[in-house]
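Asks: Got a predicted structure here, sequence first:
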Amino acid sequence: MSDDLRIAVLGVGMMGAFHVDALSKRVRGARVTVINDFLDDKAAEVAGKVGARVEADPIAAINDSDVDAVLIASPGDAHAEQLNACLDRGIPVLCEKPLTTDISSAYAIAQKEKALGKQLIQVGFMRRFDPEYAALQKLVADGGLGKPLMVHCVHRNPAVGDHFNSEFMIRDSVVHEVDSVRFLLGEELNSVEVIKGAATGSAPHGTHDPMLVIFETGSGAIVTVESFVRTGVAYEVRTEVVGEKGSALIGLDQNLQLKSTDGRWGGKLTPGFVERFGQAYDIELQRWVDAAKAGTIDGPSAWDGYAAVAVCEAGVLALRSGVKVHVHLAGGNSVAALETEEPHAGIQAPDLEGAWP
């Protein structure tokens, strides 16, 4: 027990409670010692199951002497303050996406970490740890498909709440494709456009569900993302990379070609993201715990978190404007810009040239 990484978990909603359970039952060398949540009853319930204590103040939880590392699963608008506190104390942190809720604060966090001279922030993009995604990334990196030309992604949920509007779909769902494609291809996304189309009858008025999001990478590869969060069927995630020498598709073991409305066709589809990516979450947590004991990270970095925030904000701008938005994350300029193809419609975003690779 004395060698266990002592962890404070901030936020124990569905995702945070899942992480507490994993850290307590399936991850080696970890112990949850402090729980924080704005709902006191929920915090007490989760803490009681694992023998942790409740701390009402998240910053006090971060600075507790019984804490070696922090897992942030709180609402996104709390991340910037909590990440700053972790950096001030100099302890490792696994932060669920988003890194922060705006480009400027995401940049500031990444710059602050860079100034410390060590990587402490890992962002919770769990797909990088999924065996299928890892195998596909290796296949691409080894040249098995030749030059990647196109990537086709499908991201479907059976149902979501009315708060899940079009902008939320980009920031909360499409963000996973943003990071996945950057991981698979090893390059940045340089532009984004959104095709709205007809909406399902179950979508609230004004919400474009489904939508098609189209990215272009630095090398010219085209990425299509179908985002459909009210299918009424099941949780489906598929990714296909098309290259000069062939193509590879992952997700077929979970998602079959023909489906009925009750989610069956020769087998049952996964009902939710935990069932589909449960193994990936466990691998992610184990590798984070092992790295945190050494004072570093083993996964998506603050740069990756910043890039995802910037690209998603470009996606929201494309959704609002109806035109393609160009994203410039790195280069010779002192700032990176999100620019629409209409004059004066863009927003400025700080650049991280020379930051963590």
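Replies: Perfect, I can see it now. The shown structure was predicted, so the numbers you read here are calculated from the model rather than taken from an experiment.

Asks: ok, now which ones touch residue 196?
Replies: 166, 208, 211, 319 (C-beta atoms under 8 Å, 6 or more residues apart in numbering). From N, CA and C alone the C-beta is placed, and that goes for glycine too.

Asks: Tabulate the residues you listed (JSON lines), appending pLDDT.
Replies: What follows is the contacts of residue 196, written out as JSON lines (pLDDT from 0 to 100):
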{"residue": "166", "pLDDT": "98"}
{"residue": "208", "pLDDT": "98"}
{"residue": "211", "pLDDT": "98"}
{"residue": "319", "pLDDT": "97"}
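
Asks: For stretch 132-152, list the C-alpha coordinates in CSV.
Replies: In CSV, the C-alpha atoms belonging to stretch 132-152 read as follows (Å, rounded to 0.1, in the frame of the first residue of the first chain):
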residue,chain,number,x,y,z
GLU,A,132,-8.0,-1.7,-32.5
TYR,A,133,-7.0,2.0,-32.7
ALA,A,134,-3.4,1.2,-31.6
ALA,A,135,-3.1,-1.6,-34.3
LEU,A,136,-4.5,0.7,-37.0
GLN,A,137,-2.1,3.5,-36.0
LYS,A,138,0.8,1.1,-36.2
LEU,A,139,-0.3,-0.1,-39.6
VAL,A,140,-0.5,3.4,-40.9
ALA,A,141,2.8,4.4,-39.3
ASP,A,142,4.6,1.4,-40.7
GLY,A,143,3.4,2.3,-44.2
GLY,A,144,1.1,-0.8,-44.5
LEU,A,145,-1.6,1.3,-46.3
GLY,A,146,0.7,3.5,-48.2
LYS,A,147,0.0,7.3,-48.1
PRO,A,148,-3.3,7.9,-46.3
LEU,A,149,-5.8,9.6,-48.6
MET,A,150,-9.1,9.5,-46.7
VAL,A,151,-10.5,8.7,-43.3
HIS,A,152,-14.1,7.9,-42.8
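
Asks: Out of the contacts of residue 196, which is nearest to residue 46?
Replies: Set against residue 46, the nearest of the contacts of residue 196 by C-beta to C-beta is residue 166 (32.5 Å).

Asks: ok now do that closest one, which residues does it touch?
Replies: So residue 166 contacts 196, 206-209, 211, 319 (C-beta under 8 Å, 6+ apart).

Asks: can you give me the helices in the chain?
Replies: 14-25, 40-50, 58-62, 79-89, 103-116, 131-141, 166-168, 175-185, 273-293, 302-321 (DSSP state H).
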